[in-house]
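Trainee: take a look and give me a structure for this.
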Amino acid sequence: MIIQGDHGYRSYEPGKMNLEFENLSAFYFSNQNYSQLYNSMTSVNGFRVVLNANLNQQLPLLKDSTINLSK
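Mentor: Below is the predicted model:
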């Protein structure tokens, strides 16, 4: 199971801009093997890790990155 948000903190204060991409990501694996998760993982790899860990897929992980599209 995966629960994942699509954005983080939305204050836009200059000192907190780095928090904008800290999304909520919560995982539950029935086998309790969380070895493929890592602290710097971004949303781009969340479902890839779930599929690889639980459905024996071989999906390569993508470069963890974020993009800020401003108005």
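
Trainee: what residues are up against Tyr34?
Mentor: Phe27 (Cβ atoms under 8 Å, 6 or more residues apart in numbering). Placement of C-beta: from N, CA and C, glycine included.

Trainee: and the gap between it and Tyr28?
Mentor: 9 Å (Cβ to Cβ, to the nearest Å).

Trainee: where along the chain do the helices fall?
Mentor: 46-54 (DSSP state H).

Trainee: so what touches the helix or strand bottoming out on mean pLDDT in it?
Mentor: Least confident element among the helices and strands of the chain, by mean pLDDT, DSSP states H and E: strand 2-4 (a mean of 85). By Cβ under 8 Å, 6+ apart, the residues outside strand 2-4 that reach it are 23-28, 43, 46-47, 50.

Trainee: go on, stretch 46-60?
Mentor: By Cβ under 8 Å, 6+ apart, stretch 46-60 touches 2, 4, 25, 27, 29-31, 33, 35-37, 41, 61-62.

Trainee: what pLDDT, on average, does it get?
Mentor: In this model, stretch 46-60 has an average pLDDT of 92.

Trainee: what's the end-to-end length of it?
Mentor: 12 Å (Cα to Cα, to the nearest Å).

Trainee: how about that stretch: buried residues?
Mentor: With burial defined by 16 or more other Cβ atoms under 10 Å, the residues of stretch 46-60 counted as buried are 46, 48-50, 52-54.

Trainee: still on that earlier bit, quick one: distance of the least confident helix or strand of the chain to the chain centre.
Mentor: 9 Å (Cα atoms, centre = their mean, to the nearest Å).

Trainee: that strand pairs with which strands, parallel or anti?
Mentor: strand 25-27 (antiparallel) (DSSP bridges).

Trainee: tell me which residues are up against the partner strand.
Mentor: 1-5, 34, 37, 41, 43, 46, 49-50.

Trainee: 6 Å instead, please
Mentor: Here strand 25-27 makes contact (Cβ atoms under 6 Å, 6 or more residues apart in numbering) with 2-4, 46.

Trainee: report pLDDT for Gly15.
Mentor: 69.

Trainee: do Tyr38 as well
Mentor: At Tyr38, the pLDDT recorded in the model is 92.
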